[in-house]
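**Student:** output the structure for:
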Amino acid sequence: MTRIALFGGNGYLGSQLAAHYAAQGAVCDVFDMPSFDVIRSNCWDSFEVTDYSAILFFAGMTGTEKSFVEAERFVDVNEHGLLNLLVRLAPLGARAPKVIFPSSRLVYKGADHLLTEDAPKEAKTVYAANKLACEYLLQAYHVRYGIPYVVVRICVPYGTIVSANYSYGTVGFFLKQAEKGGPITLYGDGSLRRTFTHVADICMAVEGLIRSDATGIFNVGGQDMSLLDVAKIVAEKKQVEISFLPWPSIARALESGSTVFNSSRLERTTGWRATKLLLDFAKEI
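**Tutor:** Numbers count the residues shown, from 1 in each chain. Have a look, this model is predicted:
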């Protein structure tokens, strides 16, 4: 039976993946704070890498302004944590377990067209810079030692397979505002577009990439919608209003623009297709 190590199992995506594999009866060992600190080398000394066929490295810190306020901590946890794993795997070379790492829409320079994996990149936050650095670390250790890896670039995840009436990120923010009676607030006119992917589809994408022989970077697709269209779905369901605010100067400077994903590489490699729609999710909230 496949045995998987999952780092960051207490986080949003990590907890969803843990639930996904538990439902399948798979062996998925979860590592997270406080018992396992990824930046402490002595924790890695006791980690038996040969016990696993894949390692899901979903540990890390997230945030926009927070990544500037706690920049050193972000670099430590998000970059040095992954580096500690790669150093531990290096002696195994190509025989090492495949590493699955989640990246972000924030590594892309926004555009009004579908973004492929080789589209222009930028980093407007420390967090985005962390993600790009980790992608390059994985590439470097693959080239030098042969460590197999996959980067899954995720635009906007939403939904849950753990418990009902929960979401994260943009959709979760809209839901929280609606549950307080609204209004749901949008900067500008809400025309920025994103690819929204239900966590169940993300879990299936990860599973397919673990099973494949693929190495490299893959966009995870989903449903392409404007922020306003998503806000309308939540507002209609919860019977609240939508209001529009001018962009704060810092938020405007850090905003990447529209980011919608072309996931044809993932689809060709694994046969994966997104199956969940936001309208279906809205029926559950």
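
**Student:** going forward, measure contacts and count neighbours with C-alpha atoms only.
**Tutor:** Fine.

**Student:** quick one, helices of this structure?
**Tutor:** In the chain, helices defined by DSSP state H lie at 12-24, 41-45, 65-69, 71-75, 81-89, 126-145, 169-179, 199-211, 227-238, 249-254, 264-270, 278-282, listed in chain order.

**Student:** quick check: which of the ones you listed is nearest to residue 186?
**Tutor:** Judged by C-alpha to C-alpha, the one of the helices of the chain that comes nearest to residue 186 is helix 227-238, at 7.5 Å.

**Student:** now for the closest one, which elements pack on it?
**Tutor:** Using 3 or more C-alpha pairs under 8 Å, 6 or more residues apart in numbering; DSSP states H and E as the contact criterion, the secondary-structure elements in contact with helix 227-238 are helix 169-179, strand 184-187, strand 242-245, helix 278-282.

**Student:** for the closest residue to residue 255 other than its chain neighbours, phi and psi?
**Tutor:** Spatially, and ignoring its direct neighbours in sequence, residue 255 is nearest to residue 124 (7.9 Å; C-alpha to C-alpha, 6 or more residues apart in numbering). Main-chain torsions, residue 124, degrees, to the nearest 10: phi -100, psi -10.

**Student:** before we move on, back to that, redo the helices and strands packed on helix 227-238 as CSV? Include mean pLDDT.
**Tutor:** Compiled in CSV, the helices and strands packed on helix 227-238 are given as follows (pLDDT from 0 to 100):
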stretch, mean pLDDT
helix 169-179, 92
strand 184-187, 97
strand 242-245, 97
helix 278-282, 88
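
**Student:** wait, which of these is closest to residue 263?
**Tutor:** Residue 263 lies closest, by C-alpha to C-alpha, to one member of the helices and strands packed on helix 227-238: helix 278-282, at 18.1 Å.

**Student:** helices and strands around the closest one, which ones?
**Tutor:** With contacts defined as 3+ C-alpha pairs under 8 Å, 6+ apart, helix 278-282 has these neighbours: helix 227-238.

**Student:** relative to helix 169-179, how tilted is the helix it packs on?
**Tutor:** Relative orientation of helix 227-238 with respect to helix 169-179: 40 degrees, computed using axes from the mean of the first three to the mean of the last three C-alpha atoms, to 10 degrees.

**Student:** got the buried residues for helix 227-238?
**Tutor:** Neighbour counts over helix 227-238 (16 or more other C-alpha atoms under 10 Å) mark 227-228, 230-235, 237-238 as buried.

**Student:** any low-confidence regions in this protein?
**Tutor:** Counting by pLDDT under 70, the ranges of the chain that qualify are 1, 164-166.

**Student:** 90 instead, please
**Tutor:** Per-residue confidence of the chain (counting by pLDDT under 90) places the weak regions at 1-2, 24-26, 34, 41-42, 46, 162-169, 279-285.

**Student:** how does it divide into domains?
**Tutor:** When the chain is parsed with automatic domain parsing, its domains come out as 3-156+197-220, 160-194+223-260+275-282.

**Student:** could you single out the most deeply buried of those domains?
**Tutor:** Mean neighbours per residue, mean count of other C-alpha atoms under 10 Å, is largest over these for domain 3-156+197-220, with a mean of 18.

**Student:** ends of that domain, what's the gap?
**Tutor:** From the first residue to the last, domain 3-156+197-220 extends over 23 Å; the measure is C-alpha to C-alpha, to the nearest Å.

**Student:** look up how far residue 14 lies from the nearest residue to residue 4 once chain neighbours are set aside.
**Tutor:** Ranked by C-alpha to C-alpha, 6+ apart and with sequence neighbours excluded, the top spatial neighbour of residue 4 is residue 28, at 4.7 Å. In this view, residue 28 and residue 14 are 11 Å apart by C-alpha to C-alpha.

**Student:** what is in contact with those two at once?
**Tutor:** Any residue near both residue 28 and residue 14 by C-alpha atoms under 8 Å, 6 or more residues apart in numbering counts here, and that gives residue 6.

**Student:** hang on, isn't residue 79 packed against residue 134?
**Tutor:** Yes. Applying C-alpha atoms under 8 Å, one finds residue 79 in contact with residue 134, separated by 6.0 Å.

**Student:** for the helices and strands packed on helix 227-238, please prepare a markdown table with the additional fields distance to residue 159.
**Tutor:** What follows is those, written out as a markdown table (distance: least, C-alpha to C-alpha, whole Å):
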| stretch | distance to residue 159 |
| --- | --- |
| helix 169-179 | 8 |
| strand 184-187 | 18 |
| strand 242-245 | 21 |
| helix 278-282 | 7 |
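
**Student:** I'm done for today, thanks for sticking with me.
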